[in-house]
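give me the fold of what follows.
(one chain, ligands or ions: 1)
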Amino acid sequence: MGSEEFRAGMRKLAGGVTIVTSIDQDGRRCGLTATAVCSLSTDPPSLVACVNRASSVAAVVEASGVFAVNVLAHEQQAVAEVFAGRAGLAREDRFAAGDWQHGAGGAPVLAGTCVSFECALAEVKEFGTHLILIGRVTKTHVTPEDDSPLIYGNGAFLTTTSAPQAAA
Ligand SMILES: Cc1cc2nc3c(=O)[nH]c(=O)nc-3n(C[C@H](O)[C@H](O)[C@H](O)COP(=O)(O)O)c2cc1C
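Residues are numbered from 1 along each chain as shown. Predicted coordinates for the structure are as follows:
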């Protein structure tokens, strides 16, 4: 099967929008918009994030051993666009978008997200163009407000502000 057909199919798989961040050994931050993130295990608390091998995060995460997954709220679309490279900014300059702090483990954590997970890198698998990062969650920052998440599906940013419809 061709990659175009695959891409067209995957556009139908809507997902929560995150910014995966890390930091290099000189303290320089990097981050990218990612939907290829999911929960892995509750014991130990862990998650999976898939990043392109050519990306800024892939270049530093194995040496730093830490990363963070920032799950964006619906009003943070502009930050998602910056970290998807759409503003053409250098990796450190992207952090002018949003209110960023260093997490306890060092990886950048964004204020106002639905939730941000700090992770210690437990394992890395290479497959095709991507690295599969397995992170042991070391800290969870949950925003007290019940904010709705930012979603990406069918090639567009979406929100889930409407209540689910009752089953017929
Ligand atoms: C909605 C959306 C989801 C994305 N998901 C991923 C992803 O899961 N993994 C990934 O490596 N890149 C993903 N990308 C692409 C990266 O955000 C983009 O290539 C970014 O510029 C890479 O960062 P870098 O320039 O610092 O390497 C996504 C882009 C968008 C717009």
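
switch to C-alpha atoms for all contacts and neighbour counts from now on
Noted.

ranges for the helices of this structure?
Applying DSSP state H to the chain gives helices spanning 3-10, 56-64, 77-83.

which residues sit against the second one?
Contacting residues not belonging to helix 56-64 are listed as 20-25, 30-32, 51-53, 67, 91, 121, 124, 131 [CA atoms under 8 Å, 6 or more residues apart in numbering].

what about T33, how many residues close to it?
Look at T33: counted by other CA atoms under 10 Å, it has 22 neighbours.

contacting residues around the closest residue in space to it that isn't next to it in sequence?
If the residues on either side of it in the chain are set aside, T33 comes closest to I19, at 4.4 Å by CA to CA, 6 or more residues apart in numbering. Residues in contact with I19 (CA under 8 Å, 6+ apart) are 31-34, 68-72, 80, 83.

also near the ligand: which of those, exactly?
31-34, 83 (CA under 6 Å from any ligand atom).

take those and write them to a markdown table, including distance to A156 and pLDDT.
Output for the ones next to the ligand among the contacts of I19, formatted as a markdown table (distance: CA to CA, whole Å; pLDDT from 0 to 100):
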| residue | distance to A156 | pLDDT |
| --- | --- | --- |
| G31 | 20 | 98 |
| L32 | 17 | 98 |
| T33 | 14 | 98 |
| A34 | 14 | 98 |
| F83 | 15 | 98 |
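
mind checking which of these land in strands?
31-34 (DSSP state E).

and the two most separated of those?
Farthest-apart pair in these is G31 and A34; separation 9.3 Å (CA to CA).

the ligand contacts on the protein?
Applying CA under 6 Å from any ligand atom, we find that the chain lies next to the ligand at 31-36, 50-52, 55-56, 83-85, 91, 152.

in ChimeraX, select just the buried ones from the residues you listed.
With 16 or more other CA atoms under 10 Å as the burial test, the buried ones among those are selected in ChimeraX as follows:
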select :31,32,33,34,35,50,51,52,56,83,84,91,152
